[in-house]
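J.: Just to be clear, the model below is a prediction. Sequence and coordinates:
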Amino acid sequence: MATTGSKSTQSAVDTTDLEKQLADAGLESDPAAVREILAGLAAAPLSLDPTESLGLAVEARTETLDQFLLDCRKTIADRFEAALLETGASADRLAQLRDTLAARNLTGFVVPLTDEHHNEYVALRAQRLAWLTGFTGSAGLAAVLRDNAAMFVDGRYTLQVQDQVDGSLYDIRHMIDEPLEEWLADHLKAGDKLGFDPLLHTPGSVRKLETVCEDAGAELVPCTDNPVDAVWTDQPPPPISPIVPHGDRFAGESSAKKRGDIAASLTDRNIDTVVISAPDSIAWLLNVRGGDVENTPLPLSFALLHANGEVDWFVDTRKLTAPVRQHVGNAVSIHEPDALESELKALGGNERTVQLDETTMGVWFFDTLEQAGARIIKAPDPCALPKARKNDVEQAGTRAAHVRDGAALTNFLAWLSGQTDSTDLDEISAAAKLQQFREADPSFKGPSFTTISGAGANGAIVHYRVDDESNKAIQAPMLYLVDSGGQYPDGTTDVTRTVAFGVPTQAQREHFTRVLKGHIALARAIFPEGTKGSQLDVLARLPLWEAGLDFDHGTGHGVGSYLAVHEGPHRISKAPNNTALQPGMIVSNEPGYYLTGEYGIRIENLVLVCERGTLENGKQLLGFDTLTLAPIDRTLIDADLMTVEEVAWLDDYHQRVRDTLSDLVADDTRTWLENVTRPIKEG
């Protein structure tokens, strides 16, 4: 669990220049220490106010020194970025990895896209898959053997992976239909040794690897020293960003109350300690926020919550300020991350009963504790469910955030409608303009994910990420799909709208309307308590299935409160899920349709699970309140395909959008909004 410094920043910032700038500012700070912090800052995302993090490097600053430090940070960050995705480097990097594996007497190695916290968004340091293969999607893994290699992605990335990964080096496979285990079974031989990083694989994934290795007569070998790190000579250091308190006025409940409730549950079950590895759970538990990874305001850390309500928090102390230390209080003991292993072994040495979540934690935790003598209880992260059930303050906050975000998006959509004849509009400029509208709100902290700005055929790539090479002009006739969201202290947003440039075809209108019908069916759903998202998924797909169509992604994901835009444990998808939908949960409603090479369609609103009365047997009934407020493109709707109930829902929704946002948008937007939200049957 030891963390290491940067391998590449020694020459990225000239020590003499840095020392002179510090001296000119009257500071006696150690230039080497400042340089290491700058490298950590460069390994973290750049915030909207980049100067706010410089206080971690030096306390007393001048405007001249700030600019110098920002320039240093940019120099280092540019080097990290350029080295990560160096063009044409995949073959050489693959060869280097194979040489290292051979030197360690390993036949192969599995490279997942994750970190030791199993985050969705990982820091630059953990982008091993991107560095090795060039793939920049948010889900995937690679397997490298002596003579073969394969890349596995899900349905969202089947097109993107073909553009980014060299098919002559890697077999491209669908991770669900053509899973890793099948490929390994076809290629592993007796006597082979397959390596894996035990921090990056859950016990369940390790069991699958063990089975396929046993069947092949091969051996599965844990590698606590990741061989990719050994060949990634310019790997960034762990990220550093300021940790800030998240006050009760946003959180709605004190950290002490949260810790006490979970501690009482541990006591009731005779559990001494629970290990928490998910940074968003720790951020929720301690009521803190940070900025170590892209788009999600969390600090990377680990925690041990004990049955007495006290916490051992393992975090890079360079991120901490005096207000944060005061905020977490004396019941939270702070340690450097390197101390985690010894603390786990101490729990084992004292024969403690320790709870671990085997679905979200690396097998390293289980092995370390078991070998030290601990008794392991496997159970879900105790923060996940209460974090998902937003309290009254959080619910009010997310409603308010969605109103402000809806006004920004509506201003953008109105502006976009006036660009139909523009020759300068493209995916990058449109995404930048949308962020500009959001940034007009002083509470906006940044996007909740990288905006998906897909014109024409690019919109058919479900998780498309525009770059300079793929950037496409937005011009008639085509469909434009924009999926975006914002982070605000009172809530997190995620919304998709599909817009027609020019006159849409009848096929486009039918496809859009079928997606809309599925969206409305889910939004109108009433269901008894205990219902799981997988039981509702069919509602969003049925109108598409009736036409022989479908989409290859989930229908809905949970959303945090100024936290992760993708949050568990609940979801709406074909895949079974054991967590029932409960009041206070936020989930997306986002059916879609994607015609490869032509266009993509998705309509996404966030909804809040709310009470809707009771059944005759006394069971509680639940339904959804739609949070997102933004008009749906009426030119893409074929009202003749809609039922009376569907038309009524759409008209009611548009009236709510108009009534709520009219006083918050620009004058010219207000006129446009009145027109696009009029009853659909008015033509």
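T.: Received the coordinates, thanks.
J.: mind listing what the longest strand belonging to the chain pairs with, with the direction of each?
T.: The strand spanning the most residues in the chain, taking DSSP state E as the definition, is strand 605-614. Paired strands of strand 605-614, with direction, are strand 586-589 (antiparallel), strand 620-626 (antiparallel) (DSSP bridges).
J.: and the spatially closest residue to A44 that is not a sequence neighbour, which of the three is it?
T.: Spatially, and ignoring its direct neighbours in sequence, A44 is nearest to P239 (3.6 Å; C-beta to C-beta, 6 or more residues apart in numbering). Any C-beta I mention is one placed from the backbone N, CA and C, and that applies to glycine too. Look at P239: counting by DSSP: H, G, I helix; E, B strand; the rest coil, its state is coil.
J.: What residues does P239 make contact with?
T.: Each residue near P239 by C-beta atoms under 8 Å, 6 or more residues apart in numbering is listed here: 40-41, 43-45, 123-125, 292-293, 300.
J.: ok, then the element right after the lengthiest helix in the chain?
T.: Ranked by residue count and defined by DSSP state H, the top helix of the chain is helix 392-417. As assigned by DSSP states H and E, the chain's next helix or strand after helix 392-417 is helix 427-439.
J.: Quick check: mean pLDDT of that next one?
T.: For helix 427-439, mean pLDDT rounds to 98.
J.: Toward the C-terminus, what is the element adjacent to that helix?
T.: strand 446-447.
J.: From S342, how far off is I271?
T.: Computed as C-beta to C-beta, to the nearest Å, the I271 to S342 distance reads 21 Å.
J.: centre of the chain versus the longest helix of the chain, how much separation?
T.: Here helix 392-417 is found 20 Å from its chain centre; the criterion is C-alpha atoms, centre = their mean, to the nearest Å.
J.: buried sites along that helix?
T.: Within helix 392-417, the residues scored as buried using 16 or more other C-beta atoms under 10 Å are 393-395, 397-398, 401-402, 404-417.
J.: Check stretch 60-72 too.
T.: Under 16+ other C-beta under 10 Å, the buried positions of stretch 60-72 are 61, 65-66, 68-70, 72.
J.: What ranges does the stretch 51-200 of the chain have for its strands?
T.: 108-112, 141-144, 149-153, 171-174, 193-196 (DSSP state E, counting those that start in this stretch).
J.: got JSON lines for the buried residues of stretch 60-72, with pLDDT and distance to L84 too?
T.: Shown next, in JSON lines, are those (pLDDT from 0 to 100; distance: C-beta to C-beta, whole Å):
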{"residue": "R61", "pLDDT": "80", "distance to L84": "29"}
{"residue": "L65", "pLDDT": "91", "distance to L84": "29"}
{"residue": "D66", "pLDDT": "92", "distance to L84": "27"}
{"residue": "F68", "pLDDT": "92", "distance to L84": "25"}
{"residue": "L69", "pLDDT": "93", "distance to L84": "23"}
{"residue": "L70", "pLDDT": "93", "distance to L84": "21"}
{"residue": "C72", "pLDDT": "92", "distance to L84": "19"}
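J.: and stretch 214-225, C-alpha only, in CSV?
T.: These are the backbone C-alpha positions of stretch 214-225, laid out as CSV (Å, rounded to 0.1, in the frame of the first residue of the first chain):
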residue,chain,number,x,y,z
GLU,A,214,-7.0,-24.3,-12.6
ASP,A,215,-8.9,-25.7,-15.6
ALA,A,216,-5.9,-24.9,-17.9
GLY,A,217,-3.3,-26.2,-15.4
ALA,A,218,-1.9,-22.7,-15.0
GLU,A,219,-1.1,-20.7,-11.9
LEU,A,220,-2.6,-17.4,-10.8
VAL,A,221,0.1,-15.1,-9.2
PRO,A,222,-0.7,-12.0,-7.1
CYS,A,223,1.7,-9.1,-8.0
THR,A,224,1.7,-6.5,-5.2
ASP,A,225,4.3,-4.6,-7.3
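J.: still on that earlier bit, pull out the buried positions in the longest strand of the chain.
T.: Using 16+ other C-beta under 10 Å as the test for burial, strand 605-614 gives 605-609, 612.
J.: so which of those would you say is closest to S443?
T.: Distances from S443 to the buried residues of strand 605-614, taken as C-beta to C-beta, are shortest for L606 (17.6 Å).
J.: beta partners for that closest one?
T.: In beta-bridge terms (that is, DSSP bridges), L606 pairs with S588.
J.: could you measure it against V559, distance?
T.: For L606, the distance to V559 equals 6 Å [C-beta to C-beta].
J.: shared neighbours of these two, anything?
T.: Common neighbours of L606 and V559 (C-beta under 8 Å, 6+ apart) are 494, 586-588.
J.: Could you identify the buried members of those residues?
T.: 494, 586-588.
J.: What's the end-to-end length of stretch 130-143?
T.: By C-alpha to C-alpha, to the nearest Å, the extent of stretch 130-143 from end to end equals 13 Å.
J.: which stretches of this protein have low pLDDT?
T.: 1-15, 683 (pLDDT under 70).
J.: can you do 50?
T.: 2-6, 8-11 (pLDDT under 50).
J.: Just the helices from the stretch 201-350 of the chain, written as ranges.
T.: 203-216, 227-231, 248-251, 255-268, 279-286, 322-328, 340-349 (DSSP state H, counting those that start in this stretch).
J.: so what does the first one touch, helix or strand wise?
T.: The reference is to helix 203-216. Helix 203-216 sits against helix 180-187, strand 193-196, strand 219-222, helix 363-372, with contacts defined as 3 or more C-beta pairs under 8 Å, 6 or more residues apart in numbering; DSSP states H and E.
J.: coming back round to it: more neighbours, I271 and S342?
T.: Using other C-beta atoms under 10 Å as the criterion, I271 and S342 rank with I271 on top: 21 against 12.
J.: pretty sure that one contacts Q355?
T.: Yes - if you go by C-beta atoms under 8 Å, I271 and Q355 touch, sitting 5.0 Å apart.
J.: quick one: which of the strands of the stretch 51-200 of the chain is nearest Q164?
T.: strand 149-153 (9.3 Å).
J.: so how far is the closest one from its chain's centroid?
T.: The chain centroid and the centroid of strand 149-153 are separated by 21 Å under C-alpha atoms, centre = their mean.
J.: Next, the angle strand 108-112 makes with it.
T.: 20 degrees (axes from the mean of the first three to the mean of the last three C-alpha atoms, to 10 degrees).
J.: about what we covered before: quick one: the longest helix of the chain to strand 605-614, angle?
T.: Going by the same axes, to 10 degrees, helix 392-417 makes 140 degrees with strand 605-614.
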